[in-house]
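>>> could you work out the structure for the sequence below:
(chains A and B, ligands or ions: 2)
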Amino acid sequence: MPFSSNQPSWFAIRKELSHMQKLVLTVISFCLPAALWCLVSYVPGVWHPDVKLTVAASREGVATVFTAGDHLSKGYFPKYVDDVRQENAELLAAGASQSNKRKNQKLLRQIAPIAIKANWIKPEQAQDDALIYQIWADLALGKKTLPTLNEENMEIVRLNWQKLSAQSNTFSFQTLPQEMLLKLLPQGVPANPSYLPAPHEVIQAGWRSFTSPPTSDRATMRERFASSVQIIFYGFLWAAIIGVPIGILCGTYGFFSHLFEPFVDFFRYMPAPTFSTLLVAVFAAGDAPKVALVFIGTLPHMILMISKTTRLLDFSLLEAAQTLGAKPRQLIGKVVLPGILPNLYNDLRILLGWAWTWLVIAELIGVKSGLTEVIETQGRFRNFDEVFPIIFLIGFTGFITDQFLSWLHGLLFPWASTSSKLSRKIAVIVTWPIRTVSAGVRKNGKAD
Amino acid sequence: MPSNYLDKAPEVAARFARLQQRPITLEVKGLTKEFITPRGTVTALDQVSFSVHKREFMCVIGPSGCGKSTLVRILAGLESATAGDVMVNGKKVSGPGPDRGMVFQGYTLFPWLSVKENVMFGPKVSGVPNTLAEREARQWIDLVGLSRFENSYPHQLSGGMKQRVAIARALANQPQVLFMDEPFGALDAQTRCDMQNYLLEIWRNVDITIVFITHDLDEAVFLSDRILVLDANPGRFREMIEVPVPRPRHNEQLFEPTFAATRMHLEHLIHPPGQESKSAPVIRLTKPDPDVI
Ligand SMILES: Nc1ncnc2c1ncn2[C@@H]1O[C@H](COP(=O)(O)OP(=O)(O)O)[C@@H](O)[C@H]1O
Ligand SMILES: [Mg+2]
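Ligands and ions are numbered 1, 2, ... in the order given. This is a model prediction of the structure:
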């Protein structure tokens, strides 16, 4: 029995769950969406609104050309097959002619994509007619089998081979039949739309793109990741260097609050991306405009949030400090700052999460760069299995960072969070260098 | 045996006479406070005057909203008076300062500082060196009986312990006067009783004048030498009562006639007899229960 009976009920209104229950639910909260994704991807009959072509047919006088791997809607696929059947009937009806040899050479090669897929030939051998001729022979005579071809297509293979072998058992353009060969009928398997690749495809693509060896002309995934993190780091750092002091001043003094906040409030409503072309003009190419975009996206929110946090500090603490003789300057250093620090830290945590949003936009301005560039280019080619790993990477980076910072919050501010005895002990150890240094600085300051 | 609150035993009367001879630590003259609110001017205090002698324990009592907190906040310098003067040892007060300590009802300990660091706060902002401040803080913490908790953080303490830290913190500054605004109001009855005894013990051992705000009549009589009674709306000086209960105080005195008489008098001042509005309750039981009467 995994849970003892003194565990709180799973559905008690506004009651804390036990650690074990929380852990179980956390795991489930990640497993649920993953399970849903697997269900949709792997269970036949669930959704799968498309047909993914395994055998495609080229057609005369039709603009859209399908190749194997393309997605078709389930509704259109039967018509596509019927159209090809119709064409085959017309080909049969057409008589023999010298000019048909060229067309037949083309039809000979229609087996190439299937043979490549089956690893019988290499992609560069797709026009090696002698090899392909042999494949027709092998298939028709049963020396090779291809489970992807259905019975109707096998019949076509045999019919074609009859015509071919009647002339010659090996390829030569001269001996190609003058009657038309038949086209293979399109075949396909049920599939989800290309924008929802299956989990294993995403994992494979992710593994591929992160382990692919560096080339001189394209940045590796690692470099892209580093560049993205760097942009967010500098953008956020600059915003914090400027935003934190202003926010604290606004929250402390009515003077600064009314001097800065009205404009900041207005500025907040001008979406940061609207400045993108301007920023590129000001900072030119490279990372600078991107850092600037993260900066101006983060700064207004930072000022307003921190000023609000500062105002929320219990005013009676300031009064108590005054009755203990603290001067205004000391009030800021000894009461306001330490008092708001845990909440300020949490504000910055939340803002850092938002900064990722600005990063994605920042990487699209000027010269596209970083992780977002990959999303943009691969998405354009509908290689969504390449896109998802990056989306997940950004998500996990943000999530892990936030969880880490949250854990650190418990260590840094044991008095502000309901931390365990153990984490308080760790806090004493972890913060020891900081405390020693700051004590030293204070002592030196006194001595001067 | 009906006793009058004005009847004092000779030794009590003699003690009051001696107290009268002491220098005046806190003098309040014609204190008026008006709040400008959107709905007009609220007069919280109207021409309040009184003085407190050195090492006297004075309580201020009055109905809720009569301006007790406003009074003590002005005395501490956290609020400015509309008119009137506050003087500590003959010096006019403007703004808060370390010569007047304050203990608030909501503990107001600095949650990021340990008990010891909280107590060291006052001395350190006035420039006392760290080691000295720490040594003194230990003594104050010892005085309020919290030595075992000097490295604990406020959120780890009970309400009574927090308030003891707040008292130690205020005393560590060695103020002339200590203002306390309903400091035990949030505590349970037993803890409050203990805290009252603690406070008297501290007062005996420390050179401090105390002005104590409360709305609890027993507390006022038990603790104080004199009780300042305020009227509500606007807050006005009503009466200054010299408590005839002899010192040292102990809990059994609650049942002595002088205590009861003083308490009764206060009761009449604050809730005048005949004024309680007691309308007949709606009777909801058709068959009355003879045992519930
Ligand atoms: N900042 C303020 N602004 C307006 N009115 C106030 C303010 N502070 C107190 N008052 C008013 O002054 C009166 C006295 O309040 P207070 O001193 O808190 O009473 P007490 O502490 O005796 O309960 C009340 O009527 C209250 O509404
Ligand atoms: Mg009050």
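
>>> which stretches of the chain form strands?
Just so you know, I chose chain A. Using DSSP state E, the strands of chain A run over residues A:50-55, A:71-73, A:187-191.

>>> hmm, I had chain B in mind actually
Along chain B, counting by DSSP E, strands occupy B:24-37, B:40-53, B:57-61, B:83-88, B:91-92, B:100-103, B:177-181, B:209-214, B:226-231, B:236-242.

>>> burial measure for the closest residue to chain B within the stretch 101-250 of chain A, as a count.
Nearest to chain B, among the residues of the stretch 101-250 of chain A, is residue A:248, at 15.8 Å (CB to the nearest CB). (Glycine included, C-beta is placed from N, CA and C.) Counted with other CB atoms under 10 Å in any protein chain shown, the neighbours of residue A:248 add up to 21.

>>> nearest spatial neighbour of the closest residue to chain A within the stretch 151-293 of chain B, skipping sequence neighbours?
Proximity of the stretch 151-293 of chain B to chain A (CB to the nearest CB) peaks at residue B:153, 4.5 Å away. Excluding the flanking residues, the one nearest residue B:153 by CB to CB, 6 or more residues apart in numbering or on different chains is residue A:415, at 4.5 Å.

>>> and the one you found, what does it touch?
Contact analysis of residue A:415 by CB atoms under 8 Å, 6 or more residues apart in numbering or on different chains lists B:111, B:112, B:153, B:154, B:155.

>>> low-scoring stretches of the chain, by residue?
Using chain A here. Along chain A, segments meeting pLDDT under 70 span A:1-7, A:417-427, A:441-448.

>>> wrong one, chain B
Chain B contains residues with pLDDT under 70 at B:1-3, B:274-280.

>>> now the residue of it found nearest chain A, what are its backbone angles?
Per CB to the nearest CB, residue B:98 is where chain B lies closest to chain A, at 3.2 Å. When read as degrees, to the nearest 10, the backbone of residue B:98 gives phi -70, psi -10.

>>> burial of the residue nearest to residue A:159 when sequence neighbours are not counted, as a residue count?
Excluding its sequence neighbours, the residue lying closest to residue A:159 (CB to CB, 6+ apart) is residue A:182, at 6.0 Å. Using other CB under 10 Å, residue A:182 has 21 neighbouring residues.

>>> and residue A:357, by the same measure?
By other CB under 10 Å, 16 other residues sit near residue A:357.

>>> need the contact list for it.
Listed by CB under 8 Å, 6+ apart, the contact partners of residue A:357 are residue A:297.

>>> residue B:43 now?
Residue B:43 neighbours (CB under 8 Å, 6+ apart): B:32, B:33, B:34, B:234, B:235.

>>> spatially central residue for chain B, please.
residue B:212 (1.4 Å; CA atoms, centre = their mean).

>>> my read: that one touches residue B:52, true?
No - contact criterion CB atoms under 8 Å: residue B:212 and residue B:52 do not qualify, at 10.7 Å.

>>> overlap in contacts of these two?
Common neighbours of residue B:212 and residue B:52 (criterion: CB under 8 Å, 6+ apart): residue B:58.

>>> show me what the lengthiest helix in chain B is packed up against.
The longest helix of chain B (DSSP state H) is helix B:189-205. Helix B:189-205 is packed against helix B:159-172, helix B:217-223, with contacts defined by 3 or more CB pairs under 8 Å, 6 or more residues apart in numbering or on different chains; DSSP states H and E.

>>> around chain A, which positions in the stretch 151-293 of chain B sit nearby?
Neighbours of chain A within the stretch 151-293 of chain B, by CB under 8 Å from any CB of the partner chain: B:153, B:154, B:155, B:169, B:170, B:173.

>>> residues in contact with the residue nearest to the fifth one when sequence neighbours are not counted?
To tie it back to what came earlier, the one meant is residue B:170. Excluding its sequence neighbours, the residue lying closest to residue B:170 (CB to CB, 6+ apart) is residue B:101, at 3.4 Å. If you count contacts by CB under 8 Å, 6+ apart, residue B:101 has them with A:323, A:324, B:170, B:171, B:173, B:175, B:177, B:178, B:179.

>>> so what's the residue of the stretch 301-448 of chain A found nearest chain B up against?
Taking CB to the nearest CB, chain B has its nearest neighbour within the stretch 301-448 of chain A at residue A:325, 3.2 Å off. By CB under 8 Å, 6+ apart, the contact set of residue A:325 is B:96, B:97, B:98, B:122, B:125, B:126, B:173.

>>> and of those residues, the nearest to residue A:87?
Relative to residue A:87, the closest of the contacts of residue A:325 is residue B:125; by CB to CB it sits at 94.1 Å.

>>> look at that closest one and say how many residues are nearby.
When neighbours are counted by other CB under 10 Å, residue B:125 registers 22.

>>> ditto for residue A:226
13.

>>> what does residue B:188 give?
Using other CB under 10 Å, residue B:188 has 11 neighbouring residues.

>>> what does residue B:95 give?
Neighbourhood size, residue B:95 [other CB under 10 Å]: 9.

>>> now the nearest residue to it once chain neighbours are set aside. Its backbone dihedrals?
Excluding the flanking residues, the one nearest residue B:95 by CB to CB, 6+ apart is residue B:77, at 4.6 Å. Dihedral pair for residue B:77: phi 90, psi 10, per degrees, to the nearest 10.

>>> quick check: the gap between residue B:77 and residue B:88.
For residue B:77, the distance to residue B:88 (CB to CB, to the nearest Å) stands at 10 Å.

>>> who touches both of these two?
Residues touching both residue B:77 and residue B:88 by CB under 8 Å, 6+ apart: residue B:100.

>>> quick one: contacts for residue 185?
Just going to use chain A. Counting by CB under 8 Å, 6+ apart, residue A:185 has contacts A:55, A:57, A:81, A:84, A:85, A:88, A:150, A:152, A:153, A:156.

>>> let's do chain B instead
Contacts of residue B:185 (CB under 8 Å, 6+ apart): B:105, B:214, B:215, B:216.

>>> go with 7 Å
When contacts are counted by CB atoms under 7 Å, 6 or more residues apart in numbering or on different chains, residue B:185 is found next to residue B:105.

>>> what count of nearby residues applies to whichever residue of the stretch 201-350 of chain A sits closest to ligand 1?
Nearest residue of the stretch 201-350 of chain A to ligand 1: residue A:315, at 11.5 Å (CB to the nearest ligand atom). Residue A:315 is flanked by 10 other residues according to other CB under 10 Å.

>>> how near is it to residue B:110?
The gap separating residue A:315 from residue B:110 is 13 Å, by CB to CB.

>>> how near is residue B:213 to residue A:106?
Distance, residue B:213 to residue A:106, by CB to CB: 102 Å.

>>> so which of the two has more stuff around it?
A count of neighbours by other CB under 10 Å puts residue B:213 above the other of residue B:213 and residue A:106, at 24 against 10.

>>> looks like the more buried one contacts residue B:181 (just checking).
Yes - the pair residue B:213 and residue B:181 passes the contact test of CB atoms under 7 Å, sitting 4.6 Å apart.

>>> list just the nearest of the contacts of residue B:101 to ligand 1.
The nearest member of those to ligand 1, counting by CB to the nearest ligand atom, is residue B:179 at 12.4 Å.

>>> that closest one against residue B:105, yeah?
No - assessed by CB under 7 Å, residue B:179 is found out of contact with residue B:105, at 11.7 Å.

>>> looking at these two, which one has more neighbours?
Neighbour count, other CB under 10 Å: between residue B:179 and residue B:105, residue B:179 has more, with 26 against 18.

>>> list the contacts for residue A:234?
Contact analysis of residue A:234 by CB under 7 Å, 6+ apart lists residue A:291.

>>> what is the burial count for residue 100?
With no chain named, the answer covers chain A. The tally of other residues near residue A:100 (other CB under 10 Å) stands at 19.

>>> wait, chain B was what I had in mind.
Other residues near residue B:100 come to 26 when the count uses other CB under 10 Å.
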